[in-house]
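S.K.: Sharing a model prediction with you, sequence too.
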Amino acid sequence: MSRFAPSPRLHGGPVRIARDAWLPWAGVVGLVALVAVVPVAVTTRSNIALLALAGIMGLVAIVMIGPELCICFGLLIGLGLAPFLDPVRLAAGGIPIWLFGFALAAMVMFAVFAIRALEGASASPVQPSVLLWLLFALLAFTVIRFAQSSPMDTPSLAAPFVVLPLAALLTFAWLLHDDALVQLQRVLPIVIALVTAWALMYIAGAGGCGACQQWVSTYGTGEGLLGAGSRLYTWGQEAFIAFVLLAAARALRKPTALWIGLTVIGIACTLLQNSRAQLVALFGGLAVLLIWRLHHARAATALLLVVLAGLGVYAVLTSSVGDHIIAGYRGLSEGTGTGAYRLNLLSEVRQSWSLLGTGISYRTGDIYNVDLGIPNTIVIIGWVGAALQTAAIVAGVVRGVVSRSAVGIAFASVLVMLLLSRPSLPFIETGPGAVAYGLTLGAVASLYVRSAATADTFAALRRGMIG
């Protein structure tokens, strides 16, 4: 049984402010203020307007629905998927908007966890796992390493390395309580609607819609499948690819028109991004889902899935997307193109590799390159930090698989995709990506794994406590 299955022993209700007579009026005032502030924030993009918008949205969320909606709004900002909000734009105090959104969500997560724990709300026991120990070790090592350098010299480079394990541990604690899962199910339709809107705006923006490009906070364009300027560079695409795999997992488990449609939209959006590395990583994640589904399918269903997958791969390889992928690997063998460019970058960056890394300083910005992934991590937190980070991701894949649940396999596919992207894509080294995959690791850690080893561990813990 999955940790995410409904608990038969739900206790109490969501953490809310008492519904006094003034509360509905506060909600109305908040909604009116929200409608008034949104146009100002979108048109002026001033720091004060953005902060006011975030504060009012948080108030309305807590009053009208509950803290989980506030958490999800903050996370959408941190993931770079909130409309019109450029996640790397600096808000008050020189803090990037993505970090502001994550900090908002993190504070509410911790507060809600603490209140529910004090109230004695129904919760699952903390299940020790290799993944949790690795996350603690990664967070401790990163903080200690940065304390010996100057992270405030370039905080935008330092923050993602701390946010990844911190987001995972906070998510794990937040999801321990049954109330969190119940309330999260209530707000998921809103999250899905906003993420789907982001994907549709990206597709329309690739077709030339200027307002749609502003919606997804495009910071550059390039040659794409639809011609010049049709490839949009956005920060949200680093997190969006994870949602594509989650939608595909849901569509494979229980196919419906809604989830199949969302999966098609997500894959189309990823294809339009015209990134070879992203496509290879996405196909790797989809392969994990397909293998899992074939393992549990009847012969006729398995044959149909294999045929459909084969037709899909054939269609991609014979299209301009396939030509783009093949040209990239041909150029790599010939020493030309993007592949050779990244190899040259790698040869330059590797000169700064060390066991414990350089930490953060003004010089780090000269070494860091947005066209590389884990090589940047080795520069900043060294081979030790990169090993801990990779081991945590691998442990997350293993835990998702051994959970024997659809949710676990879905998260495992996301982490497999992340592993495949690490050589050339900075999915962790940038803010929105660190938030996305920190959340994924925390969710995997929350899965309840039933095994003989788990039973022995709990028995030993109980004997130790009693003895």
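M.R.: Right, received. Where do you want to start? Numbers count the residues shown, from 1 in each chain.

S.K.: G357 is in contact with G385, correct?
M.R.: Yes - using Cβ atoms under 8 Å as the test, G385 is close enough to G357 to be in contact (5.9 Å). All C-beta spots, glycine's among them, are computed from the backbone N, C-alpha and C.

S.K.: The nearest residue to G442 once chain neighbours are set aside and L305: what is the separation?
M.R.: Of all residues not flanking G442 in the chain, T171 sits nearest, at 2.7 Å (Cβ to Cβ, 6 or more residues apart in numbering). With distances taken as Cβ to Cβ, to the nearest Å, T171 is found 32 Å from L305.

S.K.: Compare neighbour counts for those two and give me the winner.
M.R.: Of the pair T171 and L305, T171 is the one with more neighbours under other Cβ atoms under 10 Å, namely 26 against 15.

S.K.: what pLDDT does the more buried one get?
M.R.: On pLDDT, T171 comes in at 95.

S.K.: what's it in contact with, if anything?
M.R.: T171 is in contact with M109, G438, L439, L441, G442, A443, A445, S446, counting by Cβ atoms under 8 Å, 6 or more residues apart in numbering.

S.K.: Could I get the buried residue list for the host helix or strand of M201?
M.R.: Here M201 is covered by helix 178-206, with elements defined by DSSP states H and E. Neighbour counts over helix 178-206 (16 or more other Cβ atoms under 10 Å) mark 178-184, 187, 191-192, 195-196, 198-206 as buried.

S.K.: Where does G284 sit, in terms of helix or strand?
M.R.: helix 276-296.

S.K.: other SSEs contacting that helix?
M.R.: Judged by 3 or more Cβ pairs under 8 Å, 6 or more residues apart in numbering; DSSP states H and E, the packing partners of helix 276-296 are helix 237-253, helix 257-272, helix 299-317, helix 320-334, helix 406-421.

S.K.: repeat that with 10 Å
M.R.: Judged by 3 or more Cβ pairs under 10 Å, 6 or more residues apart in numbering; DSSP states H and E, helix 276-296 is in contact with helix 237-253, helix 257-272, helix 299-317, helix 320-334, helix 337-349, helix 374-402, helix 406-421.

S.K.: Could you quantify the relative orientation of that helix and helix 299-317 as an angle?
M.R.: If you take axes from the mean of the first three to the mean of the last three Cα atoms, to 10 degrees, helix 276-296 sits at 170 degrees to helix 299-317.

S.K.: can you give me how far helix 276-296 is from the chain middle?
M.R.: Offset of helix 276-296 from its chain centre (Cα atoms, centre = their mean, to the nearest Å): 17 Å.

S.K.: List the buried residues in that helix.
M.R.: 276-290, 292-293.

S.K.: now the angle from the helix holding M201 to helix 257-272?
M.R.: Using the same axes, to 10 degrees: helix 178-206 against helix 257-272 is 50 degrees.

S.K.: ok so, going back, between the contacts of T171, which is closest to A147?
M.R.: G438 (20.4 Å; Cβ to Cβ).

S.K.: nearest residue to the closest one other than its sequence neighbours?
M.R.: Going by Cβ to Cβ, 6+ apart, G438 has A167 as its nearest residue, at 2.8 Å.

S.K.: Run a quick neighbour tally on the one you found.
M.R.: 27.

S.K.: So E223: helix, strand or coil?
M.R.: What DSSP: H, G, I helix; E, B strand; the rest coil gives for E223 is strand.

S.K.: Could you pull up the residues touching the residue nearest to G438?
M.R.: Contact partners of A167, counting by Cβ atoms under 10 Å, 6 or more residues apart in numbering, are 75, 78, 102, 105-106, 109, 135, 160, 434-442.

S.K.: give me that answer again for 7 Å
M.R.: F102, V435, G438, L439, G442 (Cβ atoms under 7 Å, 6 or more residues apart in numbering).
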